[in-house]
Structures are given as structure tokens and as C-alpha cells.
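Chemist: Predicted coordinates and the sequence they were generated for:
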Amino acid sequence: MNVRVRYAPSPTGHLHIGNARTALFNYLYAKKHHGTFIVRIEDTDIARNVETGIESQLAHLSWLGIEADESMNKEGSYGPYRQLERLDIYQKHANILLEKGLAYKCYCTAEELAEEREKQLARGDDQLHYSRKCLHAPEQDKPYTIRFKVPEKTNYTFSDIVKGEVTFRSEDVGDWVIMKQNNIPTYNFACAIDDYLMKITHVLRGEDHITNTPKQLMIFDAFSWEKPTYGHMTLIVNENNKKLSKRDAEIIQFIDQYKNLGYLPEAMFNFIALLGFSPDSETEIQPMESLIDLFDENRLSTSPAKFDKDKLAYINNRYIKQQTHDETVALCKPFVNEAKIGKYQDEAWVDSLVSVFKDRLSFGKEIVDLYHAFFDQPFGIEGEALSFMQQEGVKALVNTFKTIIQSQNDLTPETLKNAIKEAGKAEKMKGKMLFMPIRISVSGAMHGPDLPQMMHIMGKEIVEERLNKTLSLI
């Protein structure tokens, strides 16, 4: 069997982390089974469509490394790949159902439907289903919807990849609209027809879609079509185990936001792949090729997937560490320029800035926060660091280093290395007793990044100022 899967977004907004996971799992499944990954745009909800929604979806999928084998930008044999370009197809199939007596025209107005519902509520009816008032109504010259006639006393059972056997009863589903008055299909009708005509073999989606499945199965049965295999992935929850909501301000939720903050697409792909999937490996850092090899639909989680911000930061940090120095400079430089940090400094200064903070970076823009955290806090020496500086010979070393620094015109990393060596030689200090006092003198800390690079980004004025402050303290 040629595996064919699809990601079918509505262009009602930008690419959300939950939708990105759906696309990614479908992509992994297709590639693992040497199948075809399709992107189909379900744009029939015209009122909610966002002007740039389609472009944003496709662009950010591509940024993540998720490329469709068939889409509106890469036509295959089963297009068009936008539902608004397939309206004649839905109308044709709706007419077939009408002819078979499996669907009927409903002439009820919105006001009549609302009144009917209010009466059902007043009676305390258990099920608020349409009354079939128009089931046998004669043809009328007035607007109408087309409703599917739900079979009576029928069970719809399917074997879900994630949840096992699932059953819905037809009596729990009222006759539902398949075509609206404006000749636009409803979601479940269009979805089922497209899945069949595009020869979709497997439907992997979030569990919030599981209640749509019986309606789609009804359409498959009505046309005697072979059904796809379904898999409904568990929800993504926040750190309080609550469903991830777009209103949750604690979690960044859209892919473009991560891109704009300087996260790496490979890291995002890696992280999202672990939201509800446990590969048969103890290594969390896995490139796309490895994740394709490791992907196993039988290892999709049956429990909600927790969005762990710390894990994302860790994974992205690991990928940044794997970059070359020039790649990290290219990642950080736009944020450095935007924040006007070191605007009068040369390229070597930016190189030093990246060298100092690279190992601590969780995302590109964080270099701005790290810079300000390092330079904006009041300088001081306390506790163990201050005790260390009270040792014999330390004050003389700091004073000698200051004298050497004052004679330099430009504090490059190389001149700073030589200055440290010269001060050590003059005061007969080496190793820890050479480097630690100088580090504490300029940073207030006993440990930190590369010392010459750190002093280079500080600049001569700040270095001298801190050395003087240190000498006054010890």
C-alpha cells in the first residue's frame, strides 16, 4: 500500500505549535513508510480566513523543514489543493446523496432552528437534534441547506492508532448540514470527500477531531468507499496539565514567534517531535533523519503531551552549541544590531560577544538579555569571591594588571592575553592564582566565560573602572 497522509490547515491564523505537531507527525509517518505527504488548504470558513494565513502556514512549515510532496505550490495528480477551488466536486457529491435519498434539502431559517432548539431545551430533551421537519418537504422556491440523513441504530466503530477501538452511535448524531445555503460545504463533508478522492490512507490528527470521525465515516459508508485508518493524538498541555490555549500567555505558541526570537528550525523540529511521541532511544537530541528512522506510530503517547519550556531551551541550546562560530554570529547579529548594543564597535567585538555567551544561549535574541544582565547590574565582590581576593599578593597582581591595561590603546583579546601573562610574570603568579583574581576583579564572579573575550566586550573604560573598584575593596 502506498501511504498517503495529509496536513489540512484552515488559513484562519498562523502556524500554531499544535498544528505544527500534526503536520510533523504526518510528515514523519509518510517518510518512514516511503509514502506521500500532502498539504491541503481547508479554506471554506471564509469569514474567519486570514489574508496571509495560507502563505504563513506554508512558509513556516518550510522553515521547520516540512516540505509537502503535493500542495497548492507543488501540484500532484489529486488537486486542486484548496477547497474553495473544489466547490463543484462537493456540489456533485451532495447531488448524488440527494438522488439516493441519503440527504435532503432543509428550508428552515436560522430563527426557526433557534426556536426549535429552545423548545427542546424547555422540554429537557437529552439530545438537541434537528427534528427532520424538512425530511419529506416538497420542493420550495426558497434558500435551503442540504442535510445528511443519519442512519438509525447504527454503530460506527474504528480502530484508532492511538486510542484503540472507538465506537460512536448514530443516535447521538442528528441530521447534520453538509452544504450551506451559499453552496459552501461544511467541514466534515468536504474533508471526507477530499480524503477519499486524494486517496488518503491514514489520518493523523489531534484528539479534538475525534468527534468529527463518525460524520466522516457516514460519508464513506454512503458512497461505499474504503475508509482511511485514523489516529487521534492526545492534547498538548501546559505545565499545570491544562489544555494548551492560545490565550495562555505563559507559553509562546506560534512558530513565527519562535523564528523571530532566533530559535533554530532543526531544534524546533526535534522538540515538537517529542510532544506525544517517545522514540526507542535514550537520546533526546535527534536530527530529522534519525527521527524519521525512529518514528513508530505505535509509540505515540496515550497521555497528554506536556509542553516543557525548559526542555525546549535545553534542546535549542544544544543545537546552538553545534553551530560554527560564524553561524552563531549570523544568528545573533540582527538582535545585537536591533538593540543597538556595541553600535560603535567592530566585527571583532561582536565575535567576542558571541564567544562569551554562546554556551549559555537558549535562542538568538537572548544574547541581548545576557548582555544587559552582565553589564547593567551593579558591580561588586562578595562572599567567597571577596575572601579569595584577600589572599597575599592578589592586590599587587590586580594593580600591576591595571597599570599594563592603562598603557594599551586597544583591548583586543590578544593584547588582553598578553597583559595577563605579563602581570603574572611580574608578580610571579600563575594558574588559578593568576586568572581567578583578574576574573573576580572585572566580573565579581569566580567562574565565567573566556576571560580575554569577556574583557574585550567590556571595553577599556569599564575594565579600568572595575579594577579601581576592586582595589578599593581589597
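Modeler: Now that the structure is in, tell me what you want to look at.
Chemist: ok, the nearest residue to residue 176 once chain neighbours are set aside - contacts?
Modeler: Of all residues not flanking residue 176 in the chain, residue 148 sits nearest, at 5.6 Å (CB to CB, 6 or more residues apart in numbering). C-beta here means a position set from N, CA and C on the backbone, and glycine is covered the same way. Contacts of residue 148 were listed using CB atoms under 8 Å, 6 or more residues apart in numbering, and they are 97, 102, 103, 175, 176, 177, 178, 189, 215, 218, 219, 222.
Chemist: Contacts only, for the residue lying closest to the third one once chain neighbours are set aside.
Modeler: The spatial neighbour of residue 103 that comes closest, neighbours along the chain excluded (CB to CB, 6+ apart), is residue 97 at 3.7 Å. Residues near residue 97 by CB under 8 Å, 6+ apart: 103, 146, 148, 178, 222.
Chemist: secondary structure element for residue 97?
Modeler: For residue 97, the host element (DSSP states H and E) is helix 87-100.
Chemist: List the buried residues for that helix?
Modeler: For helix 87-100, the buried set under the neighbour-count rule, 16 or more other CB atoms under 10 Å, comprises 87, 89, 90, 93, 94, 97.
Chemist: list the contacts for the residue of the chain positioned farthest from its centre?
Modeler: Distance from the centre of the chain peaks at residue 426, with 55.8 Å (CA atoms, centre = their mean). By CB under 8 Å, 6+ apart, residue 426 lies in contact with residue 400.
Chemist: Check the offset of stretch 335-353 from the chain's centre.
Modeler: Put simply, stretch 335-353 sits 29 Å off its chain's centre (CA atoms, centre = their mean, to the nearest Å).
Chemist: For that stretch, measure first residue to last.
Modeler: From its first residue to its last, stretch 335-353 covers 12 Å (CA to CA, to the nearest Å).
Chemist: can you check stretch 98-105 too?
Modeler: The first-to-last residue distance of stretch 98-105 comes to 8 Å (CA to CA).
Chemist: I'd like the mean pLDDT over it, please.
Modeler: Averaged over stretch 98-105, pLDDT sits at 98.
Chemist: how far away is residue 245 from residue 47?
Modeler: Separation of residue 245 from residue 47 (CB to CB, to the nearest Å) stands at 22 Å.
Chemist: Those two: which has the busier surroundings?
Modeler: A direct count of neighbours by other CB atoms under 10 Å for residue 245 and residue 47 places residue 245 higher, at 11 against 5.
Chemist: For the stretch 301-450 of the chain, give me the ranges with low pLDDT.
Modeler: Residue ranges of the stretch 301-450 of the chain with pLDDT under 70: 344.
Chemist: And the helices in it?
Modeler: With DSSP state H, counting those that start in this stretch as the criterion, the stretch 301-450 of the chain has helices at 309-322, 325-338, 347-357, 366-375, 383-389, 394-406, 413-427, 432-443.
Chemist: can I get these in CSV with distance to residue 164?
Modeler: Below are the helices of the stretch 301-450 of the chain laid out as CSV (distance: least, CB to CB, whole Å):
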stretch, distance to residue 164
helix 309-322, 28
helix 325-338, 44
helix 347-357, 49
helix 366-375, 43
helix 383-389, 58
helix 394-406, 69
helix 413-427, 61
helix 432-443, 58
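Chemist: quick one, which of those is nearest to residue 82?
Modeler: Closest to residue 82 of those, according to CB to CB: helix 309-322, at 32.6 Å.
Chemist: what angle separates the closest one from helix 366-375?
Modeler: 90 degrees (axes from the mean of the first three to the mean of the last three CA atoms, to 10 degrees).
Chemist: So which elements touch helix 309-322?
Modeler: helix 265-273 (3 or more CB pairs under 8 Å, 6 or more residues apart in numbering; DSSP states H and E).
Chemist: Name the residues of the next helix or strand after the helix it packs on that come out as buried.
Modeler: Sequence order places helix 288-294 as the next helix or strand after helix 265-273, per DSSP H and E. For helix 288-294, the neighbour count (16+ other CB under 10 Å) marks 288, 291, 292, 294 as buried.
Chemist: Ok, stretch 212-220 next?
Modeler: 213, 214, 215, 216, 217, 218, 219, 220.
Chemist: Using a markdown table, lay out the residues you listed together with secondary structure, distance to residue 380 and pLDDT.
Modeler: A markdown table is the format used below for the buried residues of stretch 212-220 (DSSP: H, G, I helix; E, B strand; the rest coil; distance: CB to CB, whole Å; pLDDT from 0 to 100):
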| residue | secondary structure | distance to residue 380 | pLDDT |
| --- | --- | --- | --- |
| 213 | helix | 63 | 98 |
| 214 | helix | 67 | 98 |
| 215 | helix | 67 | 98 |
| 216 | helix | 66 | 98 |
| 217 | helix | 69 | 98 |
| 218 | helix | 72 | 98 |
| 219 | helix | 71 | 98 |
| 220 | helix | 72 | 98 |
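Chemist: Columns distance to residue 127 on top of those, output as a markdown table?
Modeler: Listed next are the buried residues of stretch 212-220 as a markdown table, based on distance: CB to CB, whole Å:
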| residue | distance to residue 127 |
| --- | --- |
| 213 | 19 |
| 214 | 14 |
| 215 | 15 |
| 216 | 20 |
| 217 | 19 |
| 218 | 17 |
| 219 | 21 |
| 220 | 24 |
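Chemist: For residue 233, give me phi and psi.
Modeler: phi -80, psi 150 (degrees, to the nearest 10).
Chemist: I figured it was touching residue 209, is that so?
Modeler: No: contact criterion CB atoms under 8 Å: residue 233 and residue 209 do not qualify, at 9.4 Å.
Chemist: Show me which of those two is the more surrounded one.
Modeler: Neighbours were counted for residue 233 and for residue 209 using other CB under 10 Å; residue 233 has more, 28 against 17.
Chemist: beta partners of the more buried one?
Modeler: residue 206 (DSSP bridges).
Chemist: that older thread, ok, the buried residues of helix 87-100 vs residue 27, which is closest?
Modeler: Taking these together and measuring to residue 27 by CB to CB, the closest member is residue 89, at 25.8 Å.
Chemist: Which residue, other than its chain neighbours, is closest to the closest one?
Modeler: Nearest one to residue 89, counting by CB to CB, 6+ apart, is residue 193 at 6.6 Å.
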